[in-house]
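> I need the structure of the sequence given here:
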Amino acid sequence: MGSKLGKQAPTSRWSSRVTVPLFEIQLVFIWAMGTLISFLVHPFSTVSRLRDQYDEEGSLGDLIYHLTLFCAIGIYTVIRRHLNAQSRAKPFHVEPPEQADPSWSNAQTIHNANLESHKYDLSLAPPTGELSGRDYITCFDPATGLHLGTLLADNGVEIEAKIDKAEAAQLGWRHKSFADRKRVVRSLKKWLVENQEVCARVACRDTGKTLVDAALGEILTTCSKMDWLLRHGEKYLRPETRSSPLLLGYKKSRVHYEPLGVVAAVVSWNYPLHNAWSPVLAALFSGNAVVVKCSEHVAWSSKWFVDVIKECLRACNFDPELVQLVCCTGDQAEALTMSPKIKHITFIGSELVGRQIAVAATRHLTPVTLELGGKDPAIVLPGTDIERWSSLWMRGIFQNAGQNCIGIERLLVHTSQYNEVYQLILDRTRSLRMGAALSADGVGTGVDIGSMISRERFRALQDRVEAAEAQGAQVDLGGKPHPHPYLNHGCFYEPTVIGEVKQDMDIAQHELFAPIALVMPYESIDEAVEIANSTRYGLGASVFGPDKYECLDVAKRLECGMVAVNDFGVFYHCSSFAHAFHSLSQDLPFGGIKASGYGRFGGPEGLRALTNPKAVVYDRWPWLLQTVIPRPLDYPIRSPPQAWDVASGIVGALYADGWRQSFESLQRLRNAVWRH
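Numbering: from 1, shown residues only. Take a look at the predicted model:
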């Protein structure tokens with residue numbers, strides 16, 4: 001029995017290879033680790049000992065090589081694991097609101113819903129009843145009229161308290177490392193990708209937009225913003241070395257980008273997720289706390305979106321009070337914009353409100369970035385492939401029901417192609433379907449255009465369309481509110497196409513912010529540029545044409561802050577499904593000129609605008625060379641002529657135009673210094 005067990009053959013060729021017992025492997029590993037530790041503590045004695053144990057055929061060198069490699073890999077692994085642990089995304093959970101469920105219909109439908117509907121319908125008032133003297137905000141789905149809730153608006157005292165909370169939280173946050181800041185951004189990005197559908201539905205419920213518009217304008221753009229911050233944000237906020245002139249060659253100059261403190265963002269309603277998260281992300285990454293004042297139209301969704309950021313901060317073990325949300329009426333907003341504790345204001349919205357904020361900010365000289373209205377032109381140069389670019393034009397005009405700050409407001413077409421372009425836009429617009437993205441009866445299936453945010457501007461839009469038609473414009477489609485057959489409480493405006501529009505018409509000079517296509521003919525390139533520059537706005541623009549260099553020449557002549565050549569909106573966000581596969585450009589400054597505002601957000605310029613760029617100059621070699629005042633220039637000045645010769649000699653020696661003048665100045669300087 002014993003001999004048979006001792007001579008038992010392996011059952012396969014694989015098992016025959018396992019000939020070393022486990023305890024021997026453990027002994028070898030322990031010996032290797034002991035040798036490595038000995039080498040790190042006493043390298044020379046260890047090498048000497050090993051030299052006596054091994055022969056002269058290279059075994060010792062091989063051992064040292066493998067031990068060194070093993071040590072390097074171990075150190076690299078430990079460092080990488082430490083860095084990853086510092087910035088690894090933290091999981092967290094936020095309960096989605098029940099109203100975001102497409103099947104949700106357990107609410108009252110409001111007839112002619114508006115922000116003050118609770119004043120006329122007591123059933124919409126808060127359950128606890130109205131507080132005396134306080135403002136409330138009625139939240140509703142503009143596509144269905146469903147009541148989402150009635151929120152208590154913040155007053156001045158509450159706004160000041162929120163600013164104080166943010167200020168207290170920022171004292172600790174400003175000193176956090178970039179690894180800590182990246183952890184917050186990475187956690188938010190992970191959560192947003194995993195919860196993108198519920199976020200899109202929340203945005204749709206509060207604005208009436210379609211799921212596709214929410215995916216492109218809200219989710220994709222915000223993910224791009226976070227990805228840019230993770231990849232490049234630290235590079236633009238780290239201390240930056242600047243050049244020193246020859247006279248100060250012994251000095252080193254650096255710029256430090258320090259947090260400002262508490263910054264504010266007053267944002268519009270057209271992209272509730274992105275418009276809230278974008279300034280919050282930039283503020284947090286640059287070391288600031290932030291107070292966001294959302295539009296009353298999206299108070300319901302903004303509250304949930306900001307709660308997500310607070311929960312993320314809490315999960316990352318940071319103070320959630322770093323981010324504050326203010327929901328108030330315009331009468332109370334000055335408590336924020338005129339606060340001495342607010343160090344910067346970013347505003348996205350209308351020109352009228354932007355001017356009011358700029359005036360309010362002058363009380364404490366608070367810097368302001370204004371992104372206001374636009375009347376963006378898209379110039380179609382002669383010979384352009386119309387079929388190729390028509391989808392971009394449709395997306396640029398009708399995306400988000402035309403409620404897009406960089407949407408195409410004017411399509412300028414050469415007379416040689418005008419009729420073809422106009423008919424193509426008209427035909428494609430006729431096939432657009434309107435409806436609600438979230439509807440219990442499935443009406444939202446196959447929706448191209450959602451509702452507008454409210455009915456407030458319907459009368460003004462209709463008046464402008466009728467005035468243009470009276471002046472000779474061609475209105476073949478739309479131009480009035482749309483009575484939806486199934487969603488009769490929705491705020492729908494018919495997709496509209498207007499041709500033969502002239503630059504002096506009122507409709508061509510004012511921002512419409514609606515699903516209205518204006519097609520304008522031109523005769524020459526100079527005329528097209530003149531029409532494009534004829535408005536008081538200067539935000540974005542597009543140029544389409546067969547010749548790249550001709551397009552670039554036209555782009556340089558346009559008075560605006562951003563231009564896309566043979567594309568639409570790629571200087572900030574995604575405009576079509578195809579662009580989703582491209583790298584969205586968050587590396588560029590976003591903003592305009594003229595009545596479209598000033599300052600920039602986005603890119604390095606926007607990130608650094610939320611910091612104090614502090615210049616620091618110090619000696620390169622303090623032990624060798626430092627600033628010394630020459631005796632002729634030292635106070636009290638003993639001889640003004642001698643002092644002048646020294647000062648003028650320095651200027652001439654360094655900056656004279658020609659070596660002869662420099663040499664003469666150098667001689668004058670030498671004589672003046674050595675003069676008794």
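
> Convert the C-alpha atoms of stretch 515-527 to PDB, please.
Provided in PDB are the C-alpha atoms of stretch 515-527 (Å, rounded to 0.1, in the frame of the first residue of the first chain):
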ATOM      1  CA  PRO A 515     -39.100  77.800 -32.000                       C
ATOM      2  CA  ILE A 516     -39.000  80.400 -34.800                       C
ATOM      3  CA  ALA A 517     -36.800  80.100 -37.900                       C
ATOM      4  CA  LEU A 518     -35.900  83.400 -39.600                       C
ATOM      5  CA  VAL A 519     -34.600  83.000 -43.100                       C
ATOM      6  CA  MET A 520     -32.900  86.100 -44.500                       C
ATOM      7  CA  PRO A 521     -31.600  86.600 -48.000                       C
ATOM      8  CA  TYR A 522     -28.400  88.500 -48.900                       C
ATOM      9  CA  GLU A 523     -26.700  89.500 -52.100                       C
ATOM     10  CA  SER A 524     -23.000  89.700 -51.200                       C
ATOM     11  CA  ILE A 525     -20.600  88.500 -48.500                       C
ATOM     12  CA  ASP A 526     -20.200  92.100 -47.300                       C
ATOM     13  CA  GLU A 527     -23.900  92.400 -47.000                       C
END
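
> distance between it and the chain's centre?
Its chain's average C-alpha position is 31 Å from that of stretch 515-527, according to CA atoms, centre = their mean, to the nearest Å.

> Only the buried residues of that stretch, if you could.
515-522, 525 (16 or more other CB atoms under 10 Å). C-beta: built from backbone N, CA, C; applies to glycine.

> which residues of the stretch 501-650 of the chain score low on pLDDT?
573-585 (pLDDT under 70).

> again but with the chain, I slipped
Where the chain drops to pLDDT under 70, the residues are 1-67, 69-70, 80-87, 128-131, 440-445, 573-585, 676.

> go again using 80 as the cut-off
Low-confidence segments of the chain (pLDDT under 80): 1-87, 106, 127-133, 439-446, 572-586, 675-676.

> ok so, going back, please flag which of the buried residues of stretch 515-527 sit within strands.
Counting by DSSP state E, the part of the buried residues of stretch 515-527 found in strands is 516-522.

> got a list of what the closest residue to F458 other than its chain neighbours touches?
Leaving aside its sequence neighbours, F458 sits nearest to P481 (CB to CB, 6 or more residues apart in numbering; 5.1 Å). Contacts for P481 (CB atoms under 8 Å, 6 or more residues apart in numbering) come out as 455, 458, 462, 492-494.

> Mark which of the residues you listed are part of strands, please.
Short answer: these have none in strands (DSSP E).

> so which of those residues comes closest to F92?
F492 (37.3 Å; CB to CB).

> For the closest one, grab the count of nearby residues.
25 (other CB atoms under 10 Å).

> Please apply the same query to A215.
19.

> quick one: which helix or strand includes the residue nearest to it when sequence neighbours are not counted?
In space, and not counting its chain neighbours, A215 is closest to A200: 5.7 Å by CB to CB, 6+ apart. In the assignment (DSSP states H and E), A200 maps to helix 196-207.

> thinking again about what came up before, beta partners of the residue nearest to F458?
Y493 (DSSP bridges).
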